[in-house]
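Trainee: Return a 3D structure for these sequence lines:
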Amino acid sequence: MKRVLIIEDDSFLQSLEVNKLKKEGYDVLTASTGKEGLQKINEPGIDIILLDLVLPNFDGFEILEKIRATEALKKTPVIVFSNLSEEKDIKRSEELGATDFMVKSNFTLDELVEHLNKILGL
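Mentor: Residues are numbered from 1 along each chain as shown. Purely as a prediction, here's the structure:
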């Protein structure tokens, strides 16, 4: 069973993502703030991280920097899943080591699952 960490402050969207991913057979961890996200990235066995950029405490860019600076997490895929869609945000995410960038409003939950499966080779 693949383990995904969802760092998302929108509780409604987070619950939709959790329900969908659990139905698809994923083990799901969640964090609702940047601070909580920074704590949870060190949980063992995380296969992929779904990261929002606009979060309380620390933004997703700071979390992404920390992930890529942590030896054990350098190769963990990180999908930035955000409503920020300006080229500068996408470029910054890529420069910080995001595996991919998805604009929330452009994808359904089914497409999100397909994308996670593809990145994980499932």
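Trainee: only C-alpha atoms for contact and neighbour calcs from this point on.
Mentor: Fine.
Trainee: what's the burial count for residue 88?
Mentor: 10 (other CA atoms under 10 Å).
Trainee: how much space between it and residue 101?
Mentor: 12 Å (CA to CA, to the nearest Å).
Trainee: Which helix or which strand is home to the residue most central in space within the chain?
Mentor: In the chain, the centroid-proximal residue (CA atoms, centre = their mean) is residue 50; its distance is 1.3 Å. Element membership for residue 50 (DSSP states H and E) is strand 48-51.
Trainee: chain center to that strand, what's the gap?
Mentor: Relative to the centre of its chain, strand 48-51 is centred 2 Å away, using CA atoms, centre = their mean, to the nearest Å.
Trainee: May I have the strands that pair with it, each with its orientation?
Mentor: Sheet pairing for strand 48-51, assigned by DSSP bridges, gives strand 3-7 (parallel), strand 78-82 (parallel).
Trainee: ok, residue 54 to residue 23 distance?
Mentor: To residue 23, residue 54 is 26 Å away according to CA to CA.
Trainee: got it, and residue 12?
Mentor: On the measure of CA to CA, residue 12 and residue 23 end up 17 Å apart.
Trainee: tell me which element residue 102 is part of?
Mentor: Under the criterion of DSSP H and E, residue 102 resides in strand 100-103.
Trainee: Same question for residue 9.
Mentor: Counting by DSSP H and E, residue 9 is part of no helix or strand.
Trainee: Check residue 84 and give its pLDDT.
Mentor: As predicted, residue 84 sits at a pLDDT of 89.
Trainee: Who are the contact partners of it?
Mentor: 53, 103 (CA atoms under 8 Å, 6 or more residues apart in numbering).
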